[in-house]
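# need a structure here:
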Amino acid sequence: MDRGAPRQSVLRFLEWGGEALETPGHTVESISLLVYDGAQLGSQAAAPDPVAVLTGDTLFVGDVGRPDLRASLGWSASELGGMLYDSLHGKLLKLPDTTKVYPAHGAGSLCGKAISKETVSTIGDQRLLNYALQPMTKERFIELVTADQPDAPAYFTYDAVLNSRERQTLDQALARELKPLTLQQLQSAVEDGAQLLDTRDPAEFAAAHLRGSVNIGLGGQYASWAGTLLDPSRPIVIVADPAAETQSALRLGRIGFDRVEGFLDGGLAAAADVVTTERLSPQTAAQRIAAPNAPTVIATWRQGDATLTLNQSPYSGTFSLIITSIALEALARKAQATAVTMDAREAPAREAARAKEQADAARAGAEKTRTTNKDTFKP
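Numbering: from 1, shown residues only. Next comes the predicted model:
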């Protein structure tokens, strides 16, 4: 990238300048946004070095965007992996080391397999510490970034299709969706096919909830679980803590689930006919599983995590254990003869994990050096 070339596409935003940079790889249409200090732009024909780059899903702190999410739309992981390599090495890594990096996601996102919890870094630090940016051939890079990616929820493809269409803005959707409903209106919507989503804390849900509701608490990976468990083609009605209705609908809208028909006005306090769910410790669950009349065990997890509850069936009087956020191996040991197993493989590839450990060690060493030199800059 010729840093001295005239920049006709730099846009002014108050005291800042911005420029779009095509960085395909995660998707074909992926871009990054270069950010300039407007005071340095002046009347020069050539732009100065950017102070930051908004890398979207192309470059994360500690990782790069996964290139395997467009297979259903005709793009292979290898094709996009090659584009990603070119975008990183031909464009982003040619930026100055001091350029700050602001990615679109942090730890917990399924758009990568080893994303750091840090939310900002620099090109220089990523050049040094990011496992995917170490010297390697394009073929080796493609092999590395396409291996052992976590399972992608079905809504990823749904969102990819939506992104190619003209849609309402989030504000427009929320203005339509944030409609208070009486209990009767909410139940009528459910009878007509709407999904009943309860976004309260799992402990509150266990104490009391409306029959037939799905509990996905706002405190966890709410949008990711909602996209996995809910049907985007069906309407949604929400039960939330008072003042949490907007967040409940907003985070659904960010993944394209904007068919919310309203929320229960006043929260669950407006309902009289509620049911409860017993929450069990691993020890109690293991004892019940090992008992002669053991309940049916339903294990529901994504990469091994969620919550443990006990639901009593209103039809047969039997119990089902729903295991979602405990260590299933420990439960199996306590149950002894009970065959409860799970796939305990870690999401990152072993090679990526080793590289991340080395990167963490290097980061710690760099931080120690900065402290010794009384350098107050923190990446």
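# tell me the mean pLDDT over stretch 48-68?
Average pLDDT, stretch 48-68: 93.
# Also stretch 296-314?
46.
# cool, and stretch 270-287?
Here the average pLDDT along stretch 270-287 is 76.
# Can you get me the start-to-end distance on it?
Stretch 270-287 has an end-to-end distance of 37 Å (C-alpha to C-alpha, to the nearest Å).
# Show me which positions of it end up buried.
Neighbour-count burial for stretch 270-287 flags 271, 277, 279-280, 282, 285-286 (criterion: 16 or more other C-beta atoms under 10 Å). For glycine as for every other residue, the C-beta is placed from the backbone atoms N, C-alpha and C.
# Pull the number of nearby residues for L110.
22 (other C-beta atoms under 10 Å).
# swap in the one 10 residues further on?
The burial count assigned to V120 is 14, neighbours taken as other C-beta under 10 Å.
# check contacts around it.
Residues in contact with V120, defined by C-beta atoms under 8 Å, 6 or more residues apart in numbering, are 61, 100-102, 379.
# right, and the secondary structure at G18 would be what?
For G18, the assignment made with DSSP: H, G, I helix; E, B strand; the rest coil gives strand.
# Quick check, pLDDT for it.
The model reports G18 with a pLDDT of 86.
# And for stretch 210-218, what's in contact with it?
Residues external to stretch 210-218 that are found in contact with it (C-beta under 8 Å, 6+ apart): 190, 195-202, 205, 209, 222, 225-226, 229-230, 239-240, 244, 247-248, 251, 268, 271, 273-275, 314.
# nearest to L41, of the contacts of V120?
K100 (17.5 Å; C-beta to C-beta).
# quick one: the most centrally placed residue in the chain from R259, how far?
The centroid of the chain falls nearest to S109 when counting by C-alpha atoms, centre = their mean (3.1 Å). S109 is 24 Å from R259, where distance means C-beta to C-beta, to the nearest Å.
# what's the answer for P232, then?
As judged by C-beta to C-beta, P232 and R259 stand 7 Å apart.
# again with G217
For G217 relative to R259 (C-beta to C-beta), the value is 21 Å.
# can you check D241 too?
Using C-beta to C-beta, D241 is found at 22 Å from R259.
# how far away is L174 from L250?
As judged by C-beta to C-beta, L174 and L250 stand 6 Å apart.
# pLDDT score for T182?
95.
# List the residues that contact it.
By C-beta under 8 Å, 6+ apart, T182 lies in contact with 265, 270.
# How about the one 10 residues further on?
Residues in contact with D192, defined by C-beta under 8 Å, 6+ apart, are P235.
# Y131: which of the buried residues of stretch 270-287 is nearest?
The nearest one, if we look at the buried residues of stretch 270-287 relative to Y131 and count by C-beta to C-beta, is P282, at 34.4 Å.
# For the closest one, grab phi and psi.
Dihedral pair for P282: phi -60, psi -40, per degrees, to the nearest 10.
# before we move on, the earlier item: now go through the contacts of stretch 210-218 and say which are in helices.
190, 202, 205, 222, 225-226, 229, 247-248, 251 (DSSP state H).
# and V53, helix, strand or coil?
Recorded secondary structure, V53: strand (three-state DSSP).
# burial count for it?
Applying other C-beta under 10 Å, we find 25 residues neighbouring V53.
# And R251, by the same measure?
If we define neighbours as other C-beta under 10 Å, then R251 has 17 of them.
# how near is it to V237?
Separation of R251 from V237 (C-beta to C-beta): 16 Å.
# the domain parsing of the protein - what is it?
Annotated domains of the chain cover 11-150+350-372, 157-270, 282-335 [automatic domain parsing].
# what's the least confident stretch among those?
For the domains of the chain, mean pLDDT drops lowest on domain 282-335, to a mean of 53.
# ok, and what's touching stretch 167-181?
For stretch 167-181, contacts defined as C-beta under 8 Å, 6+ apart pick out 189, 237, 245-246, 249-250, 253-254, 256, 258, 260-265.
# Determine which two of those residues are furthest apart.
So, those by C-beta to C-beta: farthest apart are G256 and D265, at 25.7 Å.
# Which stretches in the chain count as helices?
So, for the chain - with DSSP H - the helices run 38-41, 77-90, 123-129, 138-146, 155-162, 170-177, 183-191, 202-207, 222-229, 245-253, 282-290, 328-335, 350-372.
# okay, those helices in CSV with distance to T23 next?
Conversion of the helices of the chain to CSV gives the following (distance: least, C-beta to C-beta, whole Å):
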stretch, distance to T23
helix 38-41, 22
helix 77-90, 4
helix 123-129, 13
helix 138-146, 14
helix 155-162, 17
helix 170-177, 24
helix 183-191, 43
helix 202-207, 39
helix 222-229, 24
helix 245-253, 26
helix 282-290, 45
helix 328-335, 40
helix 350-372, 21
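# Count the neighbours of Q221 for me.
Count around Q221 with other C-beta under 10 Å applied: 17.
# what's around the nearest residue to G17 once chain neighbours are set aside, how many residues?
Using C-beta to C-beta, 6 or more residues apart in numbering and skipping residues adjacent in sequence, the residue nearest G17 is Y36, 3.6 Å away. Each residue near Y36 was counted by other C-beta under 10 Å, and the total is 23.
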